[in-house]
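Colleague: Predicted structure and sequence below. I'll ask about it afterward.
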Amino acid sequence: MSEILRFQDWSDPVPAGDREVVSRLPEEDDGERPPLLFVPGMGHGGWAFTEHWLAHAASRGWPSHAVTPRPGGDLRAQAHDVVQTAAALPRQTVLIGHGTGARVVARALGRYPARAAVLVSPVLDGWAALGAALRGNPAGTIPALFGGPLRFSAKQLFGPGLPAEQAQAHLERIGARPRAELFGRDALPEPVGGPPTLVVGSPDDRVVRRPELDKAAARYGGAPLLFPGMGHYLMLETSWQEPIDAILDWLGKQTPAR
Amino acid sequence: MQDSPDLGDRGDAVCVVGAGASGLTAIKNLREQGFAVDCYERETSVGGAWNWRHDRSPVYAGTYLVSSRPLTEFPDFPMPDTWPDYPHHQQVLEYLERYARHFGLGEHIWYGMEVVSIVPVADGRWDVTIRSTGGGSSRVQRYAAVVIANGHNWAPVQPEIPGDFLGQVIHSSAYKDPARLRGKRVLVIGGGNTGCDLAVEAAQHADQVWHSTRRGYWFAPKYVGSRPADQLANERAPSWLRRRRNRRVAADLTRWGMPAPEHTPFESNPVVNGLLPHYLGHGRIMPVPDVTGWDGTEVTLADGRIIEPQLVITATGYRPRFDFAAPELLDADEHGRPDLHLHTFARRHPTLAVVGLVQPDSGLFPIAHWQSVAVARWLKLRARDPEKATAVQREESERPLESWSRRKVVPTRRYWFEVGHVDYLRAVESLLNRMESVK
């Protein structure tokens, strides 16, 4: 498909939609650091980042935002929401997507020259993720194949370190009715402007397995940054600080003050 | 030992002339490919023609886009999706200012500075003479390449009409506000987008309106039903089907006495104005032929009629001007029409390019974006791998002209730079692929 002749965008633009943006800003913004835009995946909203990561990144001096794309939007609409939100920020933005949100970010990278990109536990190949879910939690996954909701188990999403009642509280907020296109396998666009891209995950993630992390990292020209012992939701685990600190350190190196 | 013996030598940096929409996207895309950029802008702010504060800006209070948002925005920086289908010129300026801020372009722009000459020196490098807009001393800097983005809608063309007219005559570029029209008998000369827009403005505000056109044009409405007409026309379809669709919406206005078009609807870009037929049909605009002369308060028309307007607005267009470049650099003919590959690349100077010198049937910004991507990639390829650059150049020299340019049946200035955006972008895309494949 041509990235230049965009008949669909020209003739059938995505209409305006309700997207929710939550922001945590550093107390003093010297304008040196690019804004961060976190993109949640299927089944959770921006709240997954407001729990810990957003405020932490802000405390380290990064203007941080999380967008919840329009409810019920397809992949194209979600990527549109991400690009619209990024373009509305004052400076060239870093896109950080989690789970299927990483797939949305991968799509958005074909439309917006991000300052850098981070794909956290990325579900880029939906079929592999579906296989992993079927193996790990068949009872919760099979109904989703027939249009029902996807039910997760704590064991599937979180590492053993997270206290059971916290895991349960999170689980109650996570509910997904997967849309087919989020599980597509279509080619991802070439990122415009060639942003540095980092893949982060856990070898013990039961949603995105290690080979998928390697594949995703190889697609963007690198090796994944791994946090053993954690689950799929790196930002909700007890040791949430480790990965976000590592991400911010990497970003600091990739986006030197100009 | 000194690192840089000559302070005026900017090494691999590229000089961009002008910080309007085309200049801004040139800076951004050159930066993205790793070039240092110095952009010189004669005004003290960005936006070029779209900045109504600039003395060369042609916009007036009622200027709106004639192409809808998705066909107008930069392909990698969308306009807010909450904006109207056809934004107002102040929104367009706001958009350009945000683009400049978002990508940090301001720090590469030297405001209040004018480029007064560019001269090729050895190895494809350029000596660029710069002077502050108000005059004063000049300095010379040496650059690896020059990208010209000085716009082509700022040097008004005045029609030559014999005789002396005692009423008011202004060029459309000097028209700013409908207060000027109120209570007057107004003659608008010119059948382009501006002429038709102004005839409609006059119909809404003036006492009486004549609209003089020499040639006939096709007209497209802004909406078909509730959809912007250009979005309808750009559905993916084979070119014969897109032509047929255009044919169906395009109208000639001969029924009201406007001249018949001398070409078929898809041979040139239509005038986009849905209100002109409306006001013709309500008798508010009286179409008249060419003006052949004027004397005192009287204006003589080609059919011998005499009218007495109080205000004449000449919407007779602009001509491109490159005062700082010798005509042979751009292969310009005696009328000042440059001959450039893809309307972009100088044919004899591989490090000289022009961005934004096209008139597409879409917005200009996406075209300027892809042009500057191609220019930046070309300059990089040439610096990194001259052999492959030569191979690409050889292939490009065989690209048939008619694949990207509309050879006009009517050879007037109006059509010099006209392109169909689909065919044109297809050509730019294939150039980009050629540069990619030789990586």
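Modeller: Alright, I've got the coordinates. All of these numbers come straight from a predicted model, not from anything done at the bench.

Colleague: For residue A:152, give its distance to chain B.
Modeller: 33 Å (CB to the nearest CB, to the nearest Å). Where C-beta positions appear, they are placed from N, C-alpha and C, glycine not excepted.

Colleague: Does residue A:174 touch residue A:43 like I think?
Modeller: Yes. Using CB atoms under 8 Å, residue A:174 is in contact with residue A:43, at 4.7 Å.

Colleague: Overlap of the contact sets of these two?
Modeller: Common neighbours of residue A:174 and residue A:43 (criterion: CB atoms under 8 Å, 6 or more residues apart in numbering or on different chains): residue A:152.

Colleague: Which positions in the stretch 101-250 of chain A make contact with chain B?
Modeller: Listed as neighbours of chain B in the stretch 101-250 of chain A under the rule CB under 8 Å from any CB of the partner chain: A:111, A:112, A:113, A:192, A:193, A:194.

Colleague: among the residues you listed, who's most crowded?
Modeller: In terms of neighbours by other CB atoms under 10 Å in any protein chain shown, these top out with residue A:112 at 28 neighbours.

Colleague: Now do it, the pLDDT please.
Modeller: For residue A:112, the model assigns a pLDDT of 98.

Colleague: Grab the nearest non-local neighbour of it.
Modeller: Distance criterion CB to CB, 6 or more residues apart in numbering or on different chains; nearest residue to residue A:112, sequence neighbours excluded, is residue A:83 at 4.5 Å.

Colleague: Residue B:416 too?
Modeller: Per CB to CB, 6+ apart, closest to residue B:416 is residue B:337, 5.3 Å.

Colleague: Let me see the confidence value for that neighbour.
Modeller: pLDDT, residue B:337: 91.

Colleague: part of a strand, is it?
Modeller: No. Using DSSP: H, G, I helix; E, B strand; the rest coil, the assignment for residue B:337 is coil, not a strand.

Colleague: Dump the residues of the stretch 101-250 of chain A next to chain B into JSON lines; add secondary structure and distance to residue A:35 as well.
Modeller: JSON lines is the format used below for these (DSSP: H, G, I helix; E, B strand; the rest coil; distance: CB to CB, whole Å):
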{"residue": "A:111", "secondary structure": "coil", "distance to residue A:35": "17"}
{"residue": "A:112", "secondary structure": "coil", "distance to residue A:35": "13"}
{"residue": "A:113", "secondary structure": "coil", "distance to residue A:35": "14"}
{"residue": "A:192", "secondary structure": "coil", "distance to residue A:35": "18"}
{"residue": "A:193", "secondary structure": "coil", "distance to residue A:35": "16"}
{"residue": "A:194", "secondary structure": "coil", "distance to residue A:35": "19"}
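
Colleague: Which residues of chain B lie near chain A?
Modeller: Counting by CB under 8 Å from any CB, chain B comes close to chain A at B:32, B:69-71, B:75-78, B:80-82, B:98, B:101-104, B:107, B:230-232, B:234-236, B:362, B:370, B:422, B:425-426, B:428-429, B:432.

Colleague: Buried ones only from these, please, as a PyMOL command.
Modeller: To isolate the buried members of these in PyMOL, using 16 or more other CB atoms under 10 Å in any protein chain shown:
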select buried, chain B and resi 32+69+70+71+75+76+77+78+80+81+98+102+103+104+230+231+232+234+362+370+422+425+426+428+429+432
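
Colleague: Can you flag which of the residues of chain B next to chain A belong to helices?
Modeller: If you go by DSSP state H, these have B:32, B:98, B:101-102, B:230-232, B:370, B:422, B:425-426, B:428-429, B:432 in helices.

Colleague: Adding pLDDT, write the residues you listed out as JSON lines.
Modeller: Below are these laid out as JSON lines (pLDDT from 0 to 100):
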{"residue": "B:32", "pLDDT": "96"}
{"residue": "B:98", "pLDDT": "98"}
{"residue": "B:101", "pLDDT": "97"}
{"residue": "B:102", "pLDDT": "97"}
{"residue": "B:230", "pLDDT": "91"}
{"residue": "B:231", "pLDDT": "93"}
{"residue": "B:232", "pLDDT": "90"}
{"residue": "B:370", "pLDDT": "98"}
{"residue": "B:422", "pLDDT": "91"}
{"residue": "B:425", "pLDDT": "96"}
{"residue": "B:426", "pLDDT": "95"}
{"residue": "B:428", "pLDDT": "97"}
{"residue": "B:429", "pLDDT": "96"}
{"residue": "B:432", "pLDDT": "95"}
